[in-house]
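A.B. asks: sequence unknown, structure follows:
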């Protein structure tokens with residue numbers, strides 16, 4: 001396939017070499033340094049000088065979305081794939097529907113040295129993805145022209161930008177090819193991982209992305225029950241998030257999410273009771289609360 005890989009880099013000197021060594025040199029590669037101060041740019045400059053089909057550019061605007069959009073602007077191939085600078089590449093699907101706008105596939109995760117496939121339920125509708133967050137950066141291949149026409153990555157989303165992009169794709173009925181035969185890549189979780197640490201430490205940025213998602217639904221072509229399901233899923237996702245803040249031991253952050261709920265949604269007594277139940281179950285450590293929410297929606 002005619003495809004380019006784009007990797008945003010911000011202070012990843014201790015990880016980027018291993019990531020790049022895992023990627024076959026047959027793939028054109030665009031590295032976008034996003035203002036690193038730890039020597040990542042200098043290290044990447046050295047690597048690029050020894051590697052085929054690889055360029056290194058800079059993007060001064062902070063945020064992974066801005067760096068990815070820089071790579072998107074420079075891409076000259078039909079397909080584009082975004083990878084993270086601290087994960088391990090294990091190859092791409094051999095083939096997919098050439099008429100697709102986007103290809104979705106499962107990934108693996110490394111938790112304390114233990115590899116497992118991320119729980120994957122094919123997100124065939126927006127409300128499913130809103131709750132299960134199946135669509136992540138490493139699990140999406142885009143037709144370059146489609147992604148450009150869709151507005152690229154939303155640079156106002158400082159976290160969860162892949163979740164928002166996946167939602168936007170589904171909201172606008174993109175042509176999707178789902179590949180589920182095997183997982184790809186290894187997403188590494190560590191104290192300095194791109195995935196982040198506690199949710200509470202990022203609560204303001206998360207709420208910002210939730211607001212973008214709310215507006216995405218408002219402005220989407222969805223109608224009737226499908227639009228109602230999308231709003232309901234986002235509503236209950238917020239209650240689950242509020243519960244996760246309590247798991248972090250941060251009641252103030254939980255209250256911030258609650259304020260967002262009351263600011264954006266029309267909360268009736270029944271839906272509020274359902275939301276409180278989901279928050280309580282999440283705070284008590286019940287696994288798979290999103291599945292309960294999916295049944296309610």
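C.D. replies: Thanks, I have it. Note that the structure is a prediction, hence the values are computed from the model and not measured.
A.B. asks: contacts only, for residue 136.
C.D. replies: 107, 118, 162, 163, 166, 187 (CB atoms under 8 Å, 6 or more residues apart in numbering). Glycine gets a C-beta too; all of them are placed from N, C-alpha and C.
A.B. asks: is the third one in a helix, a strand, or coil?
C.D. replies: Same thing as residue 162. Assigned with DSSP: H, G, I helix; E, B strand; the rest coil, residue 162 falls in the helix class.
A.B. asks: count of residues packed around it?
C.D. replies: Neighbour count for residue 162, taken as other CB atoms under 10 Å: 22.
A.B. asks: out of the contacts of residue 136, who has the most neighbours?
C.D. replies: In those, the most neighbours by other CB under 10 Å go to residue 166, 25 neighbours.
A.B. asks: next one: phi and psi at the residue nearest to that residue when sequence neighbours are not counted?
C.D. replies: Leaving out its chain neighbours, the residue that sits closest to residue 166 by CB to CB, 6 or more residues apart in numbering is residue 135, at 2.9 Å. Main-chain dihedrals, residue 135, degrees, to the nearest 10: phi -90, psi 110.
A.B. asks: hmm, residue 135 is touching residue 163, no?
C.D. replies: Yes - using CB atoms under 8 Å, residue 135 is in contact with residue 163, at 6.9 Å.
A.B. asks: overlap in contacts, the two.
C.D. replies: Contacts common to residue 135 and residue 163, judged by CB under 8 Å, 6+ apart, are residue 129.
A.B. asks: what about the residue nearest to residue 166, distance to residue 20?
C.D. replies: 25 Å (CB to CB, to the nearest Å).
A.B. asks: can you give me the strands for the stretch 151-297 of the chain?
C.D. replies: Ranges of strands within the stretch 151-297 of the chain are 176-178, 184-188, based on DSSP state E, counting those that start in this stretch.
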